[in-house]
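J.: Here you go, sequence then predicted model.
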Amino acid sequence: MATTTRAPARTAPPRQAVQAAPSKRTRPNFLAGIGGWIWLAVTIVPVYYVVITSLKKQGAYFSSNPLLPPGSPTLSNYALVLESDFFRYFANSLIVTVGSVLTTLLFAFMAAYAIVRGRTRFLTLTHRLFLLGLAIPLHATIIPIYWMITKAHLYDTLAALILPSIAFAIPISVLILSTFLRDVPRELFESMRLDGCGEWAMMWRLALPLVRPAVVTVGIYDALTVWNGFLFPLILTQSPEIRVLPLSLWTFQGEFTINIPAVLASVVLATLPLLVVYVIARRQLVSGLTAGFGK
């Protein structure tokens, strides 16, 4: 009887290690890099020019290269500006800015909370009125504002600058804060309600800490707008004792017509407070501006 021989089983070839495909290297975007350096120069060069010019003597300004740092820097221009009632103008600007921003944040936050949490037709109508306020340009209302300020006997006072600044800052502040409050989960409010908290406690103990970056962002934006405001101080005040920094810069420009370094020294001194505020609150500002992008 014939026997059949079984062919040996074919062994599978050993698996070869699959090498990962090399990642495709992205080519550097030279045009974007060049554009970035150009934009950096456009931003830095004016600041550099203002600072180094404020450290030059009046005679050296006309005889030296405007883009080269001074050979012998001096602080005499800053001393001249400080002696020209700069601290009085600074105090007026500080009072107007702090009074306007704090009042705006208080009313805007409470209004935004009521709009988001409320369900009545009155609150819906109020929200639409705030949105309508965004469409009203400031320059179109300067005559009615001047008439109301004079009838209220507030002309040539700091209150004449604070009240219109609050009125024009509230609409955009309510819009931003209400947008952030809508992102707060309603379950958190219901949990606090079950613990016996009312709307007032939930507003200050829950909503305010959660939207703090937005409050800081709105505060810095409003402070920048009020601090740099020029039209209201020009129209609603006239006494030197009531001048704020933007109007005083215009006065310094007329007083130091030929002394350009002194004018730029006043510009540097007027900008420093906002720079300090930004450095202190930059983290909260960035958090407020980027909130919601990761969702």
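T.: Sure thing, it's come through. Numbering: from 1, shown residues only.
J.: Confirm for me that I115 is in contact with V174.
T.: Yes - using C-beta atoms under 8 Å, I115 is in contact with V174, at 7.2 Å. All C-beta spots, glycine's among them, are computed from the backbone N, C-alpha and C.
J.: the more surrounded of those two?
T.: V174 (28 against 19; other C-beta atoms under 10 Å).
J.: Output the contacting helices and strands for the helix or strand containing that one.
T.: According to DSSP states H and E, V174 maps onto helix 159-181. Packing partners of helix 159-181 (3 or more C-beta pairs under 8 Å, 6 or more residues apart in numbering; DSSP states H and E): helix 87-117, helix 121-133, helix 142-151, helix 212-227, helix 231-236.
J.: Could you check the angle it makes with helix 142-151?
T.: Helix 159-181 runs at 120 degrees relative to helix 142-151, counting by axes from the mean of the first three to the mean of the last three C-alpha atoms, to 10 degrees.
J.: Now do helix 159-181 and helix 121-133, the angle between them.
T.: Using the same axes, to 10 degrees, the inter-axis angle of helix 159-181 relative to helix 121-133 is 120 degrees.
J.: relative to helix 87-117, how tilted is the helix or strand following helix 159-181?
T.: Next along the chain after helix 159-181, taking DSSP H and E as the criterion, comes helix 186-194. On the basis of the same axes, to 10 degrees, helix 186-194 is oriented at 90 degrees to helix 87-117.
J.: can you list contacts of helix 186-194?
T.: 117, 201-202, 205-206, 210 (C-beta atoms under 8 Å, 6 or more residues apart in numbering).
J.: So which bits of the following helix or strand past it are buried?
T.: Going down the chain from helix 186-194, the next helix or strand is helix 199-202, by DSSP H and E. For helix 199-202, a neighbour-count test (16 or more other C-beta atoms under 10 Å) marks M202 as buried.
J.: repeat for stretch 77-93
T.: Buried residues in stretch 77-93 (16+ other C-beta under 10 Å): 77-78, 80-81, 84, 86, 89-90, 92-93.
J.: For those residues, work out which two are farthest apart.
T.: N77 and N92 (21.9 Å; C-beta to C-beta).
J.: Run through the neighbouring helices and strands of whatever helix or strand R282 lives in.
T.: R282 belongs to helix 260-290 when assigned by DSSP H and E. On a contact count with 3+ C-beta pairs under 8 Å, 6+ apart, helix 260-290 meets helix 30-54, helix 58-63, helix 76-81, helix 87-117, helix 212-227, helix 245-255.
J.: just so I know, which of those helices lies nearest L269?
T.: helix 76-81 (6.1 Å).
J.: Just the pLDDT at E255, thanks.
T.: pLDDT recorded at E255 is 67.
J.: on that earlier part again, okay, who's weakest in the buried residues of stretch 77-93 by pLDDT?
T.: Ranking the buried residues of stretch 77-93 by pLDDT, S84 lands last with 85.
J.: any idea how far that one lies from N77?
T.: Noted for S84: a distance of 11 Å to N77, by C-beta to C-beta, to the nearest Å.
J.: Near L131, how many other residues are there?
T.: Using other C-beta under 10 Å: L131 sits among 13 other residues.
J.: and it, what does it touch?
T.: L131 touches 171, 175, counting by C-beta under 8 Å, 6+ apart.
J.: distance of it from T179?
T.: 12 Å.
J.: ditto for R243
T.: Applying C-beta to C-beta, the value for R243 to T179 is 37 Å.
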